[in-house]
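**Student:** using only what follows, build the 3D model:
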Amino acid sequence: MSRLLKWFYLSLIFAIVAILQIGISRTGQVPGSADSEEGYTPLAAKIKQAEEGMKKAEVQLAAVTIDPEYDRMVLIPAGSFQLGDHDGGAIEQPERTVALSAYRIDQYETTFAHYYAFMAATGHRKPRLAGYLGVESRDLPLLMNSFNPAVGVSWGDAMAYCLWKGKRLPTEVEWERAAKGTDRRSWPWGNEPNPRWANLVGDEDGFKYTAPVGAVRTDRSPEGVYDMTGNVMEWTADWFDERYYAVLPALDPPGPPNGKERVIRGASWNDSIHRGRTTTRFKTNPTFRDVTIGFRCAQSVTPSRHAGPPSRAESDHGNFLLDTGFGLSYNAAVLF
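**Tutor:** Presented below is the predicted three-dimensional model:
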């Protein structure tokens, strides 16, 4: 290639780069991008739009009347089931036969309407709905529909709500039993991995983000508990221990006594069908708040044999100790 031709190609490349730079400097977007075609919206304007939308959503939440249907709990009868999956990941093994006493679990995930009623009654802090790459700022108000699941809450926020309702978070084992029933099913509806049967990543299920709880009727467990594969991941009461299945008691496992991370279960609107298996385990820092994580509550039918007096540390904290009936006593003061 001649020197003249090389200079020609270099000049052409520089000219193209210069044109692109001018376009970006004037619009803030790469020419031809979706935003440039629709008209560029500055980030500050997007944030303001989101704040205004969230304020409107809060007004609606304050005025909504909660249908008692959304407070329904499902009785999970006493009995045995297979915990874990011998064909699953290492932390889902060994598969164990575990017996649970009867308990109740919320049929639906806790909604924004419920959570804002709790906030109004107690002065508890708001969910954190900001700074997530998975959701456009201007779309954040869409998450706050009254009967969409509450998200942006930490483990402590979730437990505080459940205690306010006279309930508690389900243990990890209780959560799995409520999701899979007693016949080892991989998803609440059975063993067919159909992504349209739960609110998962993509629009195939009809929802871009979270959906009203129970809206995807196929995402239903044998006892009628909804959204245990999709919609949002859910906090459980337990500390995470990857080897806990090997040592847990065969009757009413209370969860590990300590740890650094809490167990979350189920998949979210931003996850694949394979992350929504009934035996898949996740973990995260209990202070973490995200638009993919929510919760539901549980309640013991009778006090558990594991229940005992509060620890010295709990006693030293003050006078608001509540025994959940499963050997899990919490001081409300340290949850806020």
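**Student:** how does the chain divide up, domain by domain?
**Tutor:** 3-38, 43-334 (automatic domain parsing).
**Student:** least confident of those, on average?
**Tutor:** Sorting the domains of the chain by mean pLDDT places domain 3-38 lowest, at a mean of 49.
**Student:** now the strands: where do they sit in the chain?
**Tutor:** All strands of the chain, identified by DSSP state E, fall at 73-76, 79-83, 96-100, 103-106, 233-239, 262-265, 281-284, 293-294, 298-300, 321-323, 329-331.
**Student:** and the first one, which residues are buried?
**Tutor:** Buried positions in strand 73-76, judged by neighbour count with 16 or more other CB atoms under 10 Å: Met73, Val74, Ile76. C-betas here are computed from N, CA, C, even on glycine.
**Student:** from Gln93, how far off is Ala215?
**Tutor:** Look at Ala215 and Gln93: by CB to CB, to the nearest Å, they are 34 Å apart.
**Student:** go on, Ala178?
**Tutor:** 21 Å.
**Student:** if we ignore the residues flanking it in sequence, what's nearest the most centrally placed residue in the chain?
**Tutor:** In the chain, the residue lying closest to the centroid (CA atoms, centre = their mean) is Ile293, at 2.1 Å. Nearest residue to Ile293, sequence neighbours excluded (CB to CB, 6 or more residues apart in numbering): Met233, at 4.8 Å.
**Student:** the one you found against Thr292, yeah?
**Tutor:** Yes: between Met233 and Thr292 there is a contact under CB atoms under 8 Å: 5.6 Å.
**Student:** which one of the two is surrounded by more residues?
**Tutor:** Between Met233 and Thr292, counted using other CB atoms under 10 Å, the more crowded position is Met233 (25 against 20).
**Student:** just give me the neighbour total for the nearest residue to Pro127 once chain neighbours are set aside.
**Tutor:** Excluding the flanking residues, the one nearest Pro127 by CB to CB, 6+ apart is Gly152, at 3.3 Å. Gly152: 22 surrounding residues under other CB under 10 Å.
**Student:** show me what contacts Gly152?
**Tutor:** Counting by CB atoms under 8 Å, 6 or more residues apart in numbering, Gly152 makes contact with Pro127, Arg128, Leu129, Leu143, Arg289, Asp290, Val291, Ile293.
**Student:** quick check: the first one vs Thr236, distance?
**Tutor:** When you say that, I think you mean Pro127. For Pro127, the distance to Thr236 (CB to CB) stands at 19 Å.
**Student:** picking up where we left off before, can you tell me which of the buried residues of strand 73-76 is nearest Gln82?
**Tutor:** Ile76 (14.9 Å; CB to CB).
**Student:** so that closest one touches Gly224, yeah?
**Tutor:** No: assessed by CB under 8 Å, Ile76 is found out of contact with Gly224, at 10.4 Å.
**Student:** can you map out the helices along the chain?
**Tutor:** 3-27, 34-38, 43-63, 112-122, 155-164, 172-180, 244-247, 312-317 (DSSP state H).
**Student:** list the contacts of the third one.
**Tutor:** Where contact means CB under 8 Å, 6+ apart, the residues beyond helix 43-63 that reach it are 41, 112-113, 116, 120, 129, 136-141, 144-146.
**Student:** mind picking the two most distant members of these?
**Tutor:** Farthest pair in these (CB to CB) is Thr41 and Ala120. Separation: 33.3 Å.
**Student:** the two: who's more crowded?
**Tutor:** Higher neighbour count among Thr41 and Ala120: Thr41, with 14 against 11, using other CB under 10 Å.
**Student:** alright, calling it a day.
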